[in-house]
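Q: Next comes the sequence, and after it the predicted model I'd like to discuss.
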There are 2 protein chains.
Amino acid sequence: MSRLMKSLAIRLVHIGKTCYINRVIFTSCRLLKQDLSLGLSKLKAQKSSIYLDMADPEVEAVLAPLRSAVKEQELALTPKDNFDRNKLEDLLKQKFFYDQSFAIYGGVNGLYDFGPMGCAVKANLLDAWRNFFILEEQMLQVDCAMLTPEPVLVASGHVERFQDYMVKDMKTGECFRADHLIEAHLEKILADKKTQAEKKDEIRSLMPLIDGMSKDDMGATLKKYDMKSPITGNDISEPMEFNLMFATSIGPTGHMKGYLRPETAQGIFVNFKRLLEFHQGKLPFAGAQIGNSFRNEISPRSGLLRVREFTMAEIEHFCDPSNKDHPKFASVADLEVLLYSACNQMDGKPPEKKTIGDAVKSKLIANETLGYFMARIFLFMVKCGVDPKRLRFRQHLNNEMAHYACDCWDAETRTSYGWVECVGCADRSCYDLTQHTKATGTIDVVECAPQKGVLGKVFKKEAKAITDYLSNLAEDDVNNLEQKLKDIEEFVPSVIEPSFGIGRILYSIFEHNFAVREGDEQRTYLRLPPLIAPYKCSVDDSSGSIGRRYARTDAIAVPYGITIDFDSLKAPHTATLRERDSMKQIRAPIADLPELVRDLSQQRRSWEDVLNNYPLFEQQEASKN
Amino acid sequence: MSRLMKSLAIRLVHIGKTCYINRVIFTSCRLLKQDLSLGLSKLKAQKSSIYLDMADPEVEAVLAPLRSAVKEQELALTPKDNFDRNKLEDLLKQKFFYDQSFAIYGGVNGLYDFGPMGCAVKANLLDAWRNFFILEEQMLQVDCAMLTPEPVLVASGHVERFQDYMVKDMKTGECFRADHLIEAHLEKILADKKTQAEKKDEIRSLMPLIDGMSKDDMGATLKKYDMKSPITGNDISEPMEFNLMFATSIGPTGHMKGYLRPETAQGIFVNFKRLLEFHQGKLPFAGAQIGNSFRNEISPRSGLLRVREFTMAEIEHFCDPSNKDHPKFASVADLEVLLYSACNQMDGKPPEKKTIGDAVKSKLIANETLGYFMARIFLFMVKCGVDPKRLRFRQHLNNEMAHYACDCWDAETRTSYGWVECVGCADRSCYDLTQHTKATGTIDVVECAPQKGVLGKVFKKEAKAITDYLSNLAEDDVNNLEQKLKDIEEFVPSVIEPSFGIGRILYSIFEHNFAVREGDEQRTYLRLPPLIAPYKCSVDDSSGSIGRRYARTDAIAVPYGITIDFDSLKAPHTATLRERDSMKQIRAPIADLPELVRDLSQQRRSWEDVLNNYPLFEQQEASKN
């Protein structure tokens, strides 16, 4: 352990910013945190951009087995739900929720078209998002161009750094993502019974390092294990950088290079000044955008989870870097969520249930605003049908966190593909606005920050009026004042960014709500919450095969079904109402039904309550007839 | 006139398809139509792709002055509404409805970002569209990839034909759209007082030909009038083709060329088979899509009207080519709209008011389905705030209609930029599906079409059962039957396509609803219908400057405002409710207000009705205080 300490001590010298220190992570990080923070003030002065290299082989040698143990434990705890992905995919394809784009032309990997049912679910999900975030939190929505000129993405860092490493099959030219190829190859060796225990240990300690490998590391690993193309067995090239942005040319001259945006966030940042003005110059406020982004993945796989064109919903919450409290924090402080801290990941410990309040108090979550958004993300996901037991927040390790970020938590859902990042929630500090300011010189945020304590002592009763006056000065007046005084605070706002991958959330919802009727393997259906179900209610008459009709409406997730039968003709006119998941039916006056279905769909009334207030309709539902 | 006849007679020999004949257009086309249709059967056999060249100089020499007269008359009839576009643009910019994208980086022409107010209006407009078209008409919505591989757009004709001609400044390399440059140059000569009358006549007869000019025609015209770069006065190049699609490369190999879709329609066509299956194999049905498309305009201008990235809402209604009746046609037959037929355009006559029913009966509009959609377009536009007096349908002339189209009408709005195409409504015949079928061979539409007459005679009472059986056969069964019988009808469905440019509609709505308060030139506002207004109601207290607050909410089109005043404190508690356009206020019990505002916003109740039922609140609204 002392060796680890030493290795850490050497590295710390290079750390430049306070925010990284918070998250210095190694086996005994909890004990050491305090000591580290003592050293902080000394380090603050330095401005090195090198940050803690988490991929220290010595550290990893100790940690890898621990982490493997956690993964195994996790798998053991996974309920055996007999989930059959092929069945779900059949249903989604057959009812045209979504399917591969341009299939009649042979299809294009990583592109999907949504059909009528998928469109309706997606529209309902986005509507719910807009209500839950933009309207309830009074955010400022923008809808910006997807075509983006190069200088914007140079400033944001995407032109230089938004890349993966790939290798090519030397004969066919087929491309593979280097890290995926390495991982698959190593997994294959591990799974091979003939592999010796020593070799297995070596590989186990190598696996966690793949994410952080440099180009040279990858090249060395490919050579060491003599990796070939997994398709043809041909030799493969050295790893090479591949920028994931789709390039194009804007205008007819061919001189203006552009890209399809790789995220919607930049559109909000470049509109910061307009939004600030719209918000009458006051912080904090949040911009939000729903729209498509594009990433030219090297070899897309995993269905909707890794695609080349996808819908995102992003929030950029701008606030004073010195005050990241949130006025509504108390309303979510008691919410319990599953947190997988960076420490626990490194220590080989499982995630822990904690309230958001405790996590912020203990500084595990960096600040109230970040915690507030994590809670809102949790509530939104569960409302839309994500299983809370398969939802956790995983903290980024230092080697995966963007170098400017202070803290970052991914909302992950557990699916048959493993844990999937659905929402990223990051404190990006002042990076983005600073970058665009440097590139354009047009963003100026000047605010007069009166020192209330001093004013109070000097002006007593009049202090409030003076404070108000100073706080509301126009920018020009502040600039004038600045000429006269020297105690003006000038700052670039911090950004807290919750970023939602809509396709990944949708897929998680489909998987978490997929079900098979007991006793009938063929009868698969989706238990989507009424809020996002494509249709809320079917109306049928009881002639013909009502069982088959229910099976059809169940498959497209219709939560309620009204059936008109012979008894409906008699006064008082009644009909039956069936609920999809329980398959229970009640009989109710026809006049009651519209309001009943509306209240159920809007989750104003529970099905249990309806069952208690109307007579059960007992006829057995034949599952096949 | 006999010369014209002769010129026409010669040309008719080249006409291949019946649908063009309908629209053979010249000064006396009404009289001649019947004669022409007699010659039809003879021409049907021929399959020449050459169609009527409208740009016959002799014809044009006669028509040009007539058309100029119509234009002058149109302008004379235009009400002098003192519209000041700068003022509208100031308002839209200042309240951040929308503004140029990447302005802090110098901006990119033809790209716009929507701010909070613009987003809300756009979201409301799209919501209204989805309700009015997709839900009310039970259309099948899809949401398809924007990235499109090349073969799809080769099949659709876009790779070959989706182009404009451009010329380059020989020194600076700056590009201009050739037709725009020619038009501007000729208009300048026309406006010059020194230009001789003879020359003016020549130019007037040339102007209408610009749209249909070939590359060589343009080159000759540029030379003849010695045109130069309008910016620098430098020499310009010969005209050259410029494809308007943004090209990119999909995947890492660089071998899969792709484009950003130039329209959303192709996504619906390539999903035709899936949608047909989803619709249980039955025609007619309509697919619909809302989404962004991209066109690399050579030199974008006119604000939101000509942009490089824009939102479209498109419908593809698939139907039996031998039956284009519409079951709901009767519901719109009496609707009166302003129709500017191709004949009237060529005859130099103004548009005419007609009912949709009469227009279809007289074959002016090609069929009921096209007429039905034109009526629905009209109703939708007016519902969302387009001024019906500034809305007309203009029929395409032969030289502007796609060669495969049978009939096409543009819904045009009159704005300060002139008449603007907002919605195209075309009968595209079977072109699109045929093209994709040829390119892929995967779209097979086989339907058994029993000859009811024959079956009736043979089977009498049993005929219906047999007909039903035959009509509902699965595709495989039909194919089997086809082996046995030879009287099976095989056809490719026709497509009727209403295609909405959302940005152009939005801009028209802004212009048609822009107003200035009487007596206060600075107080500009937007009279948007509550349906699409960003917010429906403000709540204020009466302290401070209530007049200034009303001015602010008027500017962002808030239609209703509740004000709490001193009297609100007394029981029974009341407040005032103000309507934006009339500025009238009533006083109502606070308990009534939520429902009142909801009913007003959803247009379930009129403001007049409210005025009749509540006491007027008489306090004068100060416009400036």
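A: Noted; the coordinates are in hand.
Q: what's the closest non-adjacent residue to residue A:338?
A: Among residues not flanking residue A:338 along the chain, residue A:392 sits closest, at 4.0 Å (CB to CB, 6 or more residues apart in numbering or on different chains). Backbone N, C-alpha and C define where each C-beta goes, glycine included.
Q: May I have the phi/psi pair for that neighbour?
A: Note on residue A:392: backbone dihedrals following degrees, to the nearest 10 are phi -140, psi 160.
Q: how about the residues of the stretch 1-150 of chain A that lie near chain B?
A: Within the stretch 1-150 of chain A, the positions near chain B by CB under 8 Å from any CB of the partner chain are A:95-96, A:99, A:101-105, A:108-109, A:111-116, A:118-120, A:122-123, A:130, A:140-149.
Q: same thing but at 7 Å, please
A: Counting by CB under 7 Å from any CB of the partner chain, the stretch 1-150 of chain A comes close to chain B at A:96, A:99, A:101-102, A:104-105, A:108, A:111, A:113-116, A:119, A:122, A:140-147, A:149.
Q: give me the beta-bridge partners of the residue nearest to residue A:338?
A: With DSSP bridges as the criterion, residue A:392 is bridged to residue A:412.
Q: Roughly how far does it sit from residue A:406?
A: Using CB to CB, to the nearest Å, residue A:392 is found at 21 Å from residue A:406.
Q: can you check residue A:429 too?
A: In terms of CB to CB, residue A:429 sits 5 Å off from residue A:406.
Q: What of residue A:332?
A: On the measure of CB to CB, residue A:332 and residue A:406 end up 20 Å apart.
Q: again, but for residue A:516
A: Using CB to CB, residue A:516 is found at 45 Å from residue A:406.
Q: Isn't residue A:555 up against residue A:95?
A: Yes: with contact defined as CB atoms under 7 Å, residue A:555 counts as touching residue A:95 (5.7 Å).
Q: Burial check on the residue nearest to residue A:338, number of neighbours?
A: 22 (other CB atoms under 10 Å in any protein chain shown).
Q: List the residues that contact it.
A: A:338, A:340, A:351, A:412 (CB atoms under 7 Å, 6 or more residues apart in numbering or on different chains).
Q: all strands in the stretch 201-350 of chain A, in order from the N-terminus.
A: For the stretch 201-350 of chain A, applying DSSP state E, counting those that start in this stretch gives strands covering A:240-243, A:247-250, A:256-260, A:285-294, A:309-319, A:336-340.
Q: Ok, the stretch 51-200 of chain A next?
A: For the stretch 51-200 of chain A, the strands defined by DSSP E, counting those that start in this stretch cover A:98-100, A:112-114, A:140-141, A:147-149, A:163-168, A:175-177.
Q: The fourth one: partners in the sheet, and parallel or antiparallel?
A: For strand A:147-149, the pairing partners within the sheet under DSSP bridges are strand A:256-260 (antiparallel).
Q: Tell me the buried residues in the partner strand?
A: Buried residues in strand A:256-260, defined by neighbour count with 16 or more other CB atoms under 10 Å in any protein chain shown: A:256, A:258, A:259, A:260.
Q: Same question for stretch A:369-381.
A: Neighbour-count burial for stretch A:369-381 [16+ other CB under 10 Å]: A:369, A:370, A:371, A:372, A:373, A:374, A:375, A:376, A:377, A:378, A:380, A:381.
Q: which of those lies closest to chain B?
A: Nearest to chain B, judged by CB to the nearest CB, of those is residue A:380 at 18.6 Å.
Q: Isn't that closest one up against residue A:132?
A: Yes: shown here, residue A:380 and residue A:132 form a contact pair, counting by CB under 7 Å, at 5.1 Å.
Q: send the alpha carbons of the helix or strand where residue A:380 lies over as PDB?
A: Using DSSP states H and E, the element containing residue A:380 is helix A:368-383. Extracted as PDB, the C-alpha positions of helix A:368-383 are listed here (Å, rounded to 0.1, in the frame of the first residue of the first chain):
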ATOM      1  CA  GLU A 368     -26.900  20.700  -4.600                       C
ATOM      2  CA  THR A 369     -27.700  21.600  -8.200                       C
ATOM      3  CA  LEU A 370     -26.000  18.400  -9.500                       C
ATOM      4  CA  GLY A 371     -27.900  16.400  -6.800                       C
ATOM      5  CA  TYR A 372     -31.200  18.100  -7.600                       C
ATOM      6  CA  PHE A 373     -30.900  17.200 -11.300                       C
ATOM      7  CA  MET A 374     -29.900  13.600 -10.400                       C
ATOM      8  CA  ALA A 375     -33.100  13.300  -8.300                       C
ATOM      9  CA  ARG A 376     -35.200  14.800 -11.100                       C
ATOM     10  CA  ILE A 377     -33.600  12.400 -13.600                       C
ATOM     11  CA  PHE A 378     -34.500   9.500 -11.400                       C
ATOM     12  CA  LEU A 379     -38.100  10.600 -10.900                       C
ATOM     13  CA  PHE A 380     -38.600  11.200 -14.700                       C
ATOM     14  CA  MET A 381     -37.100   7.800 -15.700                       C
ATOM     15  CA  VAL A 382     -39.300   5.900 -13.200                       C
ATOM     16  CA  LYS A 383     -42.400   7.900 -14.200                       C
END
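Q: Next, the angle strand A:309-319 makes with it.
A: When axes from the mean of the first three to the mean of the last three CA atoms, to 10 degrees is applied, the directions of helix A:368-383 and strand A:309-319 differ by 140 degrees.
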